[in-house]
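Asker: Sequence first, predicted model second:
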Amino acid sequence: MIYVCSLADLHATVKATGASHVLTIMANVAQVVRPETVTEDNHLRVQVDDITEAMDGFVAPDASHVTQVMDFVRGWDRAAPLVIHCYAGISRSTASAFTAACMLNPDRDEHEIAQRIRAASPIASPNRLIVSLADNALGRNGRMIRALDAMGPGSLMVAGKPFRIDLD
């Protein structure tokens with residue numbers, strides 16, 4: 001199972017779910033204190049800003065960031081949950097969770113995965129650049145982007161609430 005949350009909810013979510021792995025994807029990864037129940041090897045920090053095009057002074061997501069995410073998820077044994085978080089739990093984390101769910105379920109319809117994310121979180125707004133890069137890396141031929149379009153925009157909020165994505 002994958003849980004998605006904000007930085008503020010990270011420790012409570014890991015504790016409540018018994019997660020063994022954490023994926024941090026946000027700008028200032030140095031501010032994240034790893035939950036003590038998660039080993040250093042089971043915590044990936046990917047430093048990117050929540051932007052969808054290159055901007056001076058910011059780090060735009062690129063193919064190497066998506067590869068890091070996918071490699072980490074491939075190494076997750078799925079014996080205990082994975083928590084994916086960004087700063088607010090709305091954009092980078094939901095894009096990474098969508099990527100993970102599509103990668104772990106290669107024959108599953110992208111629209112179904114996206115709709116499950118929407119049902120779990122009315123505020124989820126996956127970062128479009130991350131999704132586009134993942135779509136390309138996974139050979140989904142634009143289907144992930146089309147699923148994102150069909151999902152529609154999330155409700156506007158400052159921070160998301162933790163939610164779960166079932167993989168089966």
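Answerer: All right, it came through fine.

Asker: and the gap between the most centrally placed residue in the chain and residue 57?
Answerer: The centre of the chain sits closest to residue 96, judged by Cα atoms, centre = their mean, with a distance of 2.6 Å. Distance of residue 96 to residue 57, computed by Cβ to Cβ, to the nearest Å: 23 Å. C-beta coordinates here come from the backbone N, C-alpha and C atoms, glycine included.

Asker: Residue 67 too?
Answerer: In terms of Cβ to Cβ, residue 67 sits 24 Å off from residue 57.

Asker: Just want to know which of the two has more residues nearby.
Answerer: More crowded of residue 67 and residue 57, by other Cβ atoms under 10 Å: residue 67, with 13 against 5.

Asker: Okay, and the more buried one sits in which element?
Answerer: Using DSSP states H and E, residue 67 sits in helix 63-75.

Asker: and that helix, what other elements does it pack with?
Answerer: strand 21-26, strand 43-47, helix 92-104, helix 128-137 (3 or more Cβ pairs under 8 Å, 6 or more residues apart in numbering; DSSP states H and E).

Asker: Of those, which stretch is the most buried?
Answerer: Burial of those is given as mean neighbour count (mean count of other Cβ atoms under 10 Å); helix 92-104 ranks first at a mean of 27.

Asker: Quick check: next helix or strand after it?
Answerer: That would be, after helix 92-104 and using DSSP H and E, helix 110-120.

Asker: What lies in contact with that next one?
Answerer: Residues from elsewhere that reach helix 110-120, judged by Cβ atoms under 8 Å, 6 or more residues apart in numbering: 94, 97-98, 101-102, 105, 124, 126, 140, 143-144, 146-148, 150-152, 154, 163-166.

Asker: And stretch 140-150, by the same measure?
Answerer: Everything outside stretch 140-150 that qualifies as a contact, by Cβ under 8 Å, 6+ apart, is 98-99, 102, 109-111, 113-115, 126, 128, 131-132, 134-135, 138.

Asker: So which bits of that stretch are buried?
Answerer: If you call a residue buried by 16 or more other Cβ atoms under 10 Å, then stretch 140-150 has these buried ones: 140, 143, 144, 145, 147, 148.
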